[in-house]
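**Q** Provided below are the primary sequence and the corresponding predicted coordinates.
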Amino acid sequence: MRKASHKSGAVKGKQLPKCPTGIKGFDEITEGGLPKNRVTLLCGGTGTGKTLLGIDFLINGAVNFNEPGVFMSFEETDDELYNDVASLNLDLRRLVSQKKILLDHVVLERRDIQEKGEFNLEGLFIRLELAIEAIGAKRVVVDSIESLFAGVTDAGILRLEIKRLFRWFKEKKVTAVITGELREGSYTRHGLEEYISDCIILLDNRVNAQISVRRIRVIKYRGSNHGTNEYPFVIDKDGLSVIPITSAGLDQAGTNKRVSTGIPSLNKMFQGGGYTRGSTVLASGTAGTGKTSLAVAFAIERCKRGERCLFLCYEESSGQLIQNMSSIGFQLEPLVKKGLLKIVSTRPSFFGLEMHLLDLHKTLEDFKPKAVVIDPLTSLIGQGSQLEIQSMLTRMIDALKSRGVTGFFTSLVSSNAQNDSGGEIGVSSLIDTWIVVRELEQDEGRRRIRGLYIVKSRGMGHSSDVHKLVLSDDGMKLAPMDTDATAGPIYGSNGGKDISARQKKRSKQGPVI
């Protein structure tokens, strides 16, 4: 019988000390950060973000954890480093002036290598020790190890000197990050550092179908558990951000509270009188069937209740959306001016999937909405493979649910689709309420109308009838369907429950708000 449980490769109570990086998402996949007072090898090709990650690590340490840091560069001067981060919200120059970060540019000359080919690190150790003591540094970044040992050709001496360098950092009790250049078949040019390092982080930058995606992976982490997958990361004005799929989960609590759809006649089709708060709603249909209008009706209702709503629009500008919705009596501009409604319009092709997800995370933190509308989800198709899109949508939905935010998504169905439920783009299992809107014909094909029905709504009874969706100057409403309306068979409606005789049985449901 086992008497002790194990976690992170150590007996409980003796967990490996960690040094938090402060980089969003990265500390989650490493379960706390880099190994404290040990050496981490940061390797990758050109343009993968090695130097920036090192600077980000030092800045976060100085600002958030009161740990000063030293950046020793063999390739870039202080001014070049300042220029590198000038476009980012990383005030490196101010931290240097406050003696929270010390920059040390080392120029190696040919004479630094003795004539006999012996390499001497004593000068480097003295310089590092002076820098560490000058500001009381707890973190050190060396960029890069190839430049430091460029003139050493003897593999035996190289291995001994690398081990000596790593041991020196441990003796000084500083958390060190050393960057290295990726080589085919090896994580560094020399191929020796990876065996001595306590932790290896691999950065990669790939281009697939003209879309560039940066990825990060923990190759090795002695004494600690860690995420083993590749995780996309982005570099924006705030530095690096990693959004692993493990950052969200299925731990949100259930609720019987309801939120109004914004359309009284649509509320009646749900036994609870509306959508479940914190759930996800999908409205799918062909072009011109009223999907965006349904989303706007929901957004306006939330704003009328004093709740903030975020509207992500991938096909219209905010001005177009405001103008178009005014034609059916939906006035969005006053809500925008009050700060209750925030409309963000962008083309999906402008950024990668991870940048869209990162922007959503940041907006959720800053704006703190109670409802989010994404119109339409299908615009993201083509920005990655099917697996990448589904992964991104899963994390997006989890991000909303983990915060108790009600999500309303629209999805465009191709006019050539064989059924009305063809616009779910692989996320139907994650959707709590699914509404389909479609075109119908009336008066023997002389009149076009819109029909609406509910495919599913988890946790509540709902009508399975098809209703006429009417858009007018006064807004939207649902009306009973005329008997002569035709559009072929109704697909996907067999999961509903007719509640026409159960409208009064709502005592067990939460209030509609």
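**A** On my side now, so go ahead. Numbering: from 1, shown residues only.
**Q** L332 versus the residue nearest to S327 when sequence neighbours are not counted, what's the distance?
**A** Distances taken as Cβ to Cβ, 6 or more residues apart in numbering place D473 nearest to S327, at 7.5 Å, with adjacent residues excluded. Where you see a C-beta, it was placed from the backbone N, CA and C, and this is true even at glycine. Look at D473 and L332: by Cβ to Cβ, to the nearest Å, they are 16 Å apart.
**Q** same thing with C313?
**A** 11 Å.
**Q** Common neighbours of the two, please.
**A** 321, 343 (Cβ atoms under 8 Å, 6 or more residues apart in numbering).
**Q** in which helix or strand would I find L282?
**A** strand 280-285 (DSSP states H and E).
**Q** What average pLDDT does the following helix or strand past that strand get?
**A** Once strand 280-285 ends, the next helix or strand along the chain (criterion: DSSP H and E) is helix 291-304. Here helix 291-304 scores 95 as its mean pLDDT.
**Q** got the buried residues for helix 291-304?
**A** Neighbour-count burial for helix 291-304, counted by 16 or more other Cβ atoms under 10 Å, picks out 291-303.
**Q** just curious, which of those is nearest to N37?
**A** Minimum distance to N37 across the buried residues of helix 291-304 is 49.6 Å, recorded for R302 (Cβ to Cβ).
**Q** For that closest one, give me its contacts.
**A** 259, 262, 308-309, 370-371, 406.
**Q** Equivalent analysis for L400, please.
**A** Each residue near L400 by Cβ under 8 Å, 6+ apart is listed here: 278, 280, 364, 372, 406-407.
**Q** From S144, how far off is it?
**A** In this view, L400 and S144 are 41 Å apart by Cβ to Cβ.
**Q** Please apply the same query to E171.
**A** 22 Å.
**Q** neighbour-wise, which of the two wins?
**A** Neighbour totals were compared for E171 and S144, and S144 leads with 23 against 9 (other Cβ atoms under 10 Å).
**Q** Spatially, which residue comes closest to the more buried one, not counting chain neighbours?
**A** Spatial nearest neighbour of S144, chain neighbours left out: T179 (4.3 Å); criterion: Cβ to Cβ, 6+ apart.
**Q** what's the burial count for that neighbour?
**A** 26.
**Q** before we move on, back to that, which neighbours does the strand holding L282 have in its sheet, and in what orientation?
**A** Each strand that pairs with strand 280-285, with its direction, by DSSP bridges: strand 406-412 (parallel), strand 433-442 (parallel).
**Q** Run through the bridge partners of D204.
**A** R215.
**Q** quick one: contacts for it?
**A** 44-45, 48, 214-217, 230.
**Q** Give the phi and psi angles for the residue nearest to S327, as a check.
**A** phi -70, psi -20 (degrees, to the nearest 10).
**Q** so it makes contact with G329?
**A** Yes. Counting by Cβ atoms under 8 Å, D473 touches G329, with 5.7 Å between them.
**Q** Report the mean confidence score over stretch 236-249.
**A** pLDDT averaged over stretch 236-249 gives 69.
**Q** again, but for stretch 40-59
**A** Stretch 40-59 comes out with an average pLDDT of 92.
**Q** Equivalent analysis for stretch 173-187, please.
**A** Stretch 173-187 comes out at a mean pLDDT of 84.
**Q** before we move on, what about stretch 87-96?
**A** For stretch 87-96, the per-residue pLDDT averages 89.
**Q** So which bits of it are buried?
**A** Result for stretch 87-96 [16+ other Cβ under 10 Å]: buried residues 88, 90, 92-93, 95-96.
**Q** Show only the entries of those found in helices.
**A** With DSSP state H as the criterion, helices contain 92-93, 95-96 from among the buried residues of stretch 87-96.
**Q** Residues contacting stretch 303-319, please?
**A** With Cβ under 8 Å, 6+ apart, stretch 303-319 has contacts from 260, 292, 295-296, 299, 302, 321, 324, 335-336, 338-348, 360, 363-364, 367-376, 379-380, 513.
**Q** Among those residues, name the buried ones.
**A** Neighbour counting with 16+ other Cβ under 10 Å marks 260, 292, 295-296, 299, 302, 321, 335-336, 340-343, 345, 348, 360, 363-364, 369-376, 379-380 as buried within those.
**Q** What helices and strands are in contact with the helix or strand hosting V234?
**A** Using DSSP H and E, V234 maps to strand 231-236. Packed against strand 231-236 by the contact rule (3 or more Cβ pairs under 8 Å, 6 or more residues apart in numbering; DSSP states H and E) you find strand 211-221, strand 239-242, helix 353-367.
**Q** Just the CA atoms of it, as PDB, please.
**A** The C-alpha trace of strand 231-236 is given here as PDB (Å, rounded to 0.1, in the frame of the first residue of the first chain):
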ATOM      1  CA  TYR A 231       1.100  25.400 -27.200                       C
ATOM      2  CA  PRO A 232       0.700  28.300 -29.500                       C
ATOM      3  CA  PHE A 233       1.800  31.600 -28.200                       C
ATOM      4  CA  VAL A 234       1.600  35.200 -29.400                       C
ATOM      5  CA  ILE A 235       3.700  38.300 -29.000                       C
ATOM      6  CA  ASP A 236       1.700  41.500 -28.700                       C
END
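**Q** and it, how far out from the chain's middle?
**A** 9 Å (Cα atoms, centre = their mean, to the nearest Å).
**Q** Buried residues in it, which are they?
**A** With burial defined by 16+ other Cβ under 10 Å, the residues of strand 231-236 counted as buried are 231-235.
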